[in-house]
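> take a look and give me a structure for this.
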Amino acid sequence: FLECACAALENAGYAPQTFCGSIGVYAGSTISNYLFNIYSNSNIRESVSGVEISLGNHPDYLPMRVSFKLNLTGPSYAIQTSCSTSLVAVHVACQSLLNYECDIALAGGISILDMQPKSGYLYQEDGVLSPDGHCRAFDAKAKGTIFGSGVGIVVLKRLKDALADGDSIHAVIKGSAVNNDGSLKAGFTAPSVERQADVIAEAIAAAGVEADTITYVETHGTGTPLGDPIEIK
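A predicted model of the protein is given here:
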């Protein structure tokens, strides 16, 4: 994540050493399997303190290490909201920019599920995981999802500042919103039609656009018999 944060700033044309404003970091990660490997090695575990191991590998310290290594002086937030972590990080980063808490925001997330080149998982009937390693979102044959490894970071600025500075602008975030399903649904991992509709309406209102002008929608698309129909509805 640190490497990609560095690359993201370089691609945006900014160096922390010369940028006169403040740069914030908003990010989250899955639990580090590398951390588990360290704890399982008695020689490593006994050679350094638990605090050192935690500071280098615990998800709580991910954005703060980036801020420390790159000398970024804006807010540094560790955000953990399960599957929506990266999107919520972008939302919080946008709010910080609009509130002038920082002038540039790095927002994103990372998941590295296994240090081994090949690994699998235990399939359970009617569970969330796919029986054959394929995710068939919104398909009649959908029977489950799969998890993978990846990292993504975006560099955000207030639009007027980006225009004034001649930045390369790849996209404009017109509005965003966040809520929670609450308890009025089938179970903890089940989505809610009503609450999803509410947050979509809030985001559209914040963006100031008409719903019928939207031509592309990106979804969760878990490929599960429970989640897909609710999300489509």
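> so the nearest residue to residue 205 once chain neighbours are set aside: helix, strand or coil?
The spatially closest residue to residue 205, leaving aside those adjacent along the chain, is residue 175, at 7.3 Å (C-beta to C-beta, 6 or more residues apart in numbering). All C-beta spots, glycine's among them, are computed from the backbone N, C-alpha and C. What DSSP: H, G, I helix; E, B strand; the rest coil gives for residue 175 is coil.
> I'd like the numbering to begin with 28 instead of 1 from here.
Renumbered: residue one is now 28, and that last one reads residue 202.
> from residue 107, how far out is residue 202?
24 Å (C-beta to C-beta, to the nearest Å).
> give me the distance between the residue nearest the centre of the chain and residue 106.
Among the residues of the chain, the one closest to the centroid is residue 113, at 1.3 Å (C-alpha atoms, centre = their mean). Computed as C-beta to C-beta, the residue 113 to residue 106 distance reads 9 Å.
> same check, this time on residue 84
Counting by C-beta to C-beta - residue 84 and residue 106 are separated by 18 Å.
> between these two, which is the more surrounded one?
Neighbours were counted for residue 84 and for residue 106 using other C-beta atoms under 10 Å; residue 106 has more, 24 against 20.
> work out the gap between stretch 127-145 and the centre of the chain.
Relative to the centre of its chain, stretch 127-145 is centred 7 Å away, using C-alpha atoms, centre = their mean, to the nearest Å.
> what is the end-to-end distance of that stretch?
Distance between the two ends of stretch 127-145: 45 Å, counting by C-alpha to C-alpha, to the nearest Å.
> what do you get for stretch 120-132?
Start-to-end, stretch 120-132 (C-alpha to C-alpha) is 6 Å.
> same question, stretch 206-226
6 Å.
> go on, stretch 53-62?
By C-alpha to C-alpha, the extent of stretch 53-62 from end to end equals 21 Å.
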